[in-house]
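Student: What follows is a predicted protein model with its sequence.
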Amino acid sequence: MQQQLPVLTIPRPVPQQIERRPQENIPAERSQREALKRFVAAYVEERRGELTPPLLGDELRRRAEEATLLAGLEPKYADYVGVLLNNEVWREHLASTPFDRRLLLLPKCLRIEDRCPAPFDDFGLLCKQCGLCSIQDLQEEAERLGYAVLVAEGSALVMALIQTGKIDAIVGVSCLSVLEKAFPHMESAAVPGIAIPLLQDDCKDTAVDVEWVWDFIHLTSDDRTRRMDLDALRVEVDGWFRPDALDEIFGAPANGEAETLARAMLAQAGKRWRPFLTVCAYQALQDDPHSEPPAAVRKAAVAVECFHKASLLHDDIEDEDDLRYGEPTLHATHGVATALNVGDLLVGEGYRLLAECDFAPAVRAELVRIASRGHRTLCLGQGAEIAWMRNPEPLSSNEVLAIFQQKTAPAFGVSLEIGAACAGAGPKVQEVLRRYSDALGVAYQIRDDLDDLETGEDGADDVAALRPSLPLALAYEHAKKEPALRPLLEAAWRRREGMSERAGEVRAAMDRFDAVERGRRLLESYKEEAVRSIADLDHASLKGLLRRVVGKIFSVEIEGWCSEFESRNAAGRPAVAEVAR
C-alpha cells in the first residue's frame, strides 16, 4: 500500500448463528414482518376511535382475524397479527409511561444454553455479561434507561410485580404460546403490554428481532418523531428531484449540455438516502417535526445529492464501470471528459446551493465547512483504493473496512451533520452524528459489498472487477486453515492475469470459509454500533429517529406489498366486515 490507512476498531461480532426451527405462524422473512407491522399500524390508525385498550380476548381475536383476512394472509397468521394489533393499541400508553415504571421481561431461552455461565436465583437468570447472546445488550440498555429487568418465565412472578404498584407497563419477549397464556393476566390487570414474539418455537437457543425490542424499550412520548411516516417523507424528498422541482430549487432551467446532463443525473433513479437523512436530522430537531421542511432545507438536501452524484460519476470513471442503475454510465455514452466536467459542475452546484441557503451567515459557513471536510475524507478513501489498484496486494479485513469508512461514511456524516446544522445543533450533537455515521456508512458498504457478490449487480461484483472486497479479505485471513487455497486468493488480490476468468473459483473458496456469513455478522455489528453511538444524545426525538433510520435503510423492501394491502383493504372492506360480524 502506498498510503497509510487508519486503524478501524471493529465492534465485537454478533453470536454465531445456530440452526433453529422457525415458528410456522410467523412470517419467515424480516421484510415480510416489517410490511405486516406497517399494515397493522395502518389498520389500527384507521380505527383508532373504535379500539380502546385493553381489548378483551374475543374482540382481539375478531379484529386479528379481520386484519389477517384484509392482509390476504393465511388464517394461521392470525395469532401473530393479534400480537401486532395489541402492540399498536397499547403503543401510545407505553410511550407515556416513564422508563422507571416499566418492566422488560426476557426469556432465558435466548441464552446459548450449552455455553451460558449464568446461574439462576428465585427471580430468574443472573446474566454474567459474556456477550454470547442478546440478553446482555438488552438488559444493559434497559437498566440504563431505568427499567426493571427480569430474565425468567412465569406469569405468577410478573403478576406479583404488577401488584406491588411499581410497574405500569411491560415489554415482554416470548414465544407465541407463552404470550397467549399470559394475555388473560395482563388483560385483567389492564397493564399496557407490548409483546415481541421469538422467531423460533424451540425452548433453547432461540432468537428475537433485537431491533424490534430496542425500538419498544426506547419508545417515549418525548420523541416527537415516533409517529412520523418515514416512507411518506422519502416520497416527498424523491419529489424534489423531478425536473420541474430541480429547476425551481436551482433558480432557473438548465442551460447548455453540461447543466442539462447534471440535472439529468440528479433526476436519475437512486435511493436518495443522503438527502433523506438531511431532512430527517433537521425535522427531528424541530419543535414540530411534522411541519413542511422549508425551502432552505430542501436546497441543502439537494446539495448533498449533488455531491453524491458527482462522486458516482468520478467513481465510475476511476473503476471503469460501464453501468450504473442498470443503465450506461455517463462516460460510456458521452466520454470521460464530459463525465468529469459534469461531476465537477455538480460539486460546484452543491457548494453554491449551500452558500445560497436562507440561513444566518455563520450557519452557511458551517454547512460549507461540513461539506468540504467530508469531500476531503471521501477523496482520501478513493485515493487509497486507487493507490492499491496500482500495486494490488492482499488487504486485511481491517484495511478494507478502513477504506469503507473513508469512502462511504463521509456521505452519511455530511448528510446528517448538514441537516443538524440547519437546525442549529451544537458540537456535542455533531460529534455523536459523526460516530453514528462512521458505523452506519461501514455497515451500508458491507451490505453493498455482499449484495454485489451475490447478485452481480450492474454486471460485475468486486471480485470479478478485482476491487478490494471484504469477503475476499475474510476468506484470505481464514485460508491459513487450508494453505492449498491461499495462492488462489492471493492471486485474486494481486490481480494476476487470467483471474477474471477464475472468479467462480474465488467465490467457491470464499464460500468454503463462510466469508459471506462472516461479513453479515460484521454488518450486524456495525448496525449495532450505530445504535449504541446515539445513547449519549439528550434529544429524544433525534435519538428515536436515528434509531429507526437504521431499520429503514437496512430493511429489504418488497415491491407491491403496501399497495397490495391497501387495494385489498379497499376492495374487501364490505365483505370482511360481513365476515367479521
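Tutor: Sure thing, it's come through.
Student: What are the contacting residues of stretch 226-242?
Tutor: With contact meaning CB atoms under 8 Å, 6 or more residues apart in numbering, stretch 226-242 is reached by 38, 95, 219-220, 245-246, 249, 266-267, 272, 275-276, 279-280, 283, 289-290, 298, 301-302, 305, 544-545, 548-549, 552, 562. Just so you know, the C-beta spots here come from the backbone N, C-alpha and C atoms, and that holds for glycine as well.
Student: With stretch 73-80 instead?
Tutor: So stretch 73-80 is contacted by 24-27, 36, 61, 64-65, 68, 81, 176, 180, 197 (CB under 8 Å, 6+ apart).
Student: Please repeat the previous calculation with a cut-off of 6 Å.
Tutor: Asn25, Ile26, Ala64, Glu65, Thr68, Leu176 (CB atoms under 6 Å, 6 or more residues apart in numbering).
Student: got it, and stretch 534-547?
Tutor: So stretch 534-547 is in contact with Thr220, Asp222, Asp223, Arg224, Thr225, Arg226, Cys280, Ala284, Leu285, Val432, Tyr436, Val531, going by CB under 6 Å, 6+ apart.
Student: Can you give me the neighbour number for the fourth one?
Tutor: Counted with other CB atoms under 10 Å, residues neighbouring Arg224 total 21.
Student: again, but for the fifth one
Tutor: As a burial measure, the neighbour count of Thr225 was computed by other CB under 10 Å and equals 22.
Student: Which parts of the stretch 51-200 of the chain are helices?
Tutor: 57-70, 78-95, 135-145, 155-163, 176-189 (DSSP state H, counting those that start in this stretch).
Student: In ChimeraX, select just the buried ones from the contacts of stretch 226-242.
Tutor: ChimeraX command restricting the contacts of stretch 226-242 to the buried ones, with burial defined by 16 or more other CB atoms under 10 Å:
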select :38,95,219,220,246,249,266,272,275,276,279,280,283,289,298,301,302,305,544,545,548,549,552
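Student: Nearest to Gly350, out of the contacts of stretch 73-80: which one, please.
Tutor: Relative to Gly350, the closest of the contacts of stretch 73-80 is Ile26; by CB to CB it sits at 45.1 Å.
Student: The residue lying closest to that closest one once chain neighbours are set aside and Asn86: what is the separation?
Tutor: Closest residue to Ile26 apart from its sequence neighbours, by CB to CB, 6 or more residues apart in numbering: Tyr80 at 5.2 Å. Distance from Tyr80 to Asn86, counting by CB to CB, to the nearest Å: 11 Å.
Student: Between these two, point out the one with more neighbours.
Tutor: More neighbours surround Asn86 than the other of Tyr80 and Asn86, with 27 against 22 (other CB under 10 Å).
Student: what sits against the more buried one?
Tutor: Per CB under 6 Å, 6+ apart, neighbours of Asn86: none.
Student: Quick check: it vs Lys37, distance?
Tutor: 12 Å.
Student: And Ile249, by the same measure?
Tutor: Taking CB to CB, one finds Ile249 at 34 Å from Lys37.
Student: Next: Val400.
Tutor: Separation of Val400 from Lys37 (CB to CB): 35 Å.
Student: The two: which is more packed in?
Tutor: Applying other CB under 10 Å to Val400 and Lys37 shows that Val400 carries more neighbours, namely 27 against 15.
Student: hang on, that one in a helix?
Tutor: Yes - the assignment for Val400 is a helix, going by DSSP: H, G, I helix; E, B strand; the rest coil.
Student: pretty sure it contacts Pro471?
Tutor: No - counting by CB atoms under 6 Å, Val400 does not reach Pro471; the two are 9.5 Å apart.
Student: thinking again about what came up before, kindly indicate which of the contacts of stretch 534-547 lies nearest Arg91.
Tutor: Ranked by distance to Arg91 (CB to CB), these are led by Arg226 at 8.4 Å.
Student: how near is that closest one to Lys543?
Tutor: 11 Å.
Student: how's this protein carved up into domains?
Tutor: As given by automatic domain parsing, the domain ranges for the chain are 30-221, 230-554.
Student: Least reliable of those domains by average pLDDT, please.
Tutor: Looking over these, mean pLDDT reaches its minimum on domain 30-221, with a mean of 79.
Student: where along this protein do the strands fall?
Tutor: For the chain, applying DSSP state E gives strands covering 102-106, 120-121, 124-125, 148-151, 169-174, 193-197, 323-324, 327-328.
Student: if we compare the ones you listed, which one ends up closest to Ala371?
Tutor: strand 323-324 (22.7 Å).
Student: strands paired with that closest one, and their directions?
Tutor: strand 327-328 (antiparallel) (DSSP bridges).
Student: Need the contact partners of the strand it pairs with.
Tutor: Residues from elsewhere that reach strand 327-328 (CB under 6 Å, 6+ apart): none.
Student: try 10 Å
Tutor: Here strand 327-328 makes contact (CB atoms under 10 Å, 6 or more residues apart in numbering) with Gln268, Ala269, Asp316, Asp322, Thr333, His334, Asp458.
Student: What is the burial count for the closest residue to Arg518 other than its chain neighbours?
Tutor: Distance criterion CB to CB, 6+ apart; nearest residue to Arg518, sequence neighbours excluded, is Leu474 at 4.8 Å. Neighbourhood size, Leu474 [other CB under 10 Å]: 23.
Student: Tell me how far Leu474 lies from Leu233.
Tutor: Counting by CB to CB, the gap from Leu474 to Leu233 is 36 Å.
Student: what's the answer for Cys422, then?
Tutor: Relative to Leu233, and taking CB to CB, Cys422 is found at 15 Å.
Student: same check, this time on Arg101
Tutor: Between Arg101 and Leu233 the distance is 32 Å, computed by CB to CB.
Student: Between the two, point out the one with more neighbours.
Tutor: Leu233 (19 against 14).
Student: just to revisit the earlier point, which residues sit in contact with the residue nearest to Arg518?
Tutor: The contact partners of Leu474, taken as CB under 10 Å, 6+ apart, are 396-397, 400, 510, 513-519, 521-522.
Student: redo that, cut-off 8 Å
Tutor: Shown in contact with Leu474 (CB under 8 Å, 6+ apart): Ser397, Met510, Phe513, Ala515, Arg518, Gly519.
Student: so who does the nearest residue to Leu277 once chain neighbours are set aside touch?
Tutor: Among residues not flanking Leu277 along the chain, Ser415 sits closest, at 4.0 Å (CB to CB, 6+ apart). The neighbours of Ser415, taking CB under 8 Å, 6+ apart as the test, are Trp273, Arg274, Pro275, Leu277, Thr278, Ala281, Val304, Ser437.
Student: hmm, 7 Å instead?
Tutor: Listed by CB atoms under 7 Å, 6 or more residues apart in numbering, the contact partners of Ser415 are Arg274, Leu277, Thr278, Val304.
Student: Farthest-apart pair in these, please.
Tutor: Using CB to CB, the contacts of Ser415 reach their maximum pairwise distance at Leu277 and Val304, which is 8.1 Å.
Student: Burial check on Val342, number of neighbours?
Tutor: Residues contacting Val342 under the criterion other CB under 10 Å number 26.
Student: Isn't it up against Leu312?
Tutor: No - assessed by CB atoms under 7 Å, Val342 is found out of contact with Leu312, at 10.9 Å.
Student: Roughly how far does the nearest residue to Leu106 once chain neighbours are set aside sit from Ile170?
Tutor: Counting by CB to CB, 6+ apart, Leu106 lies nearest to Val151, which is 4.7 Å off, once chain neighbours are set aside. In this view, Val151 and Ile170 are 14 Å apart by CB to CB.
Student: More neighbours: these two, which one.
Tutor: More neighbours surround Ile170 than the other of Val151 and Ile170, with 26 against 23 (other CB under 10 Å).
Student: Show the contacting residues for the spatially most central residue of the chain.
Tutor: For the chain, Val550 is the residue whose C-alpha lies nearest the centre (CA atoms, centre = their mean; 2.6 Å). Applying CB under 7 Å, 6+ apart to Val550 gives the contacts Leu440, Lys527, Ala530, Val531.
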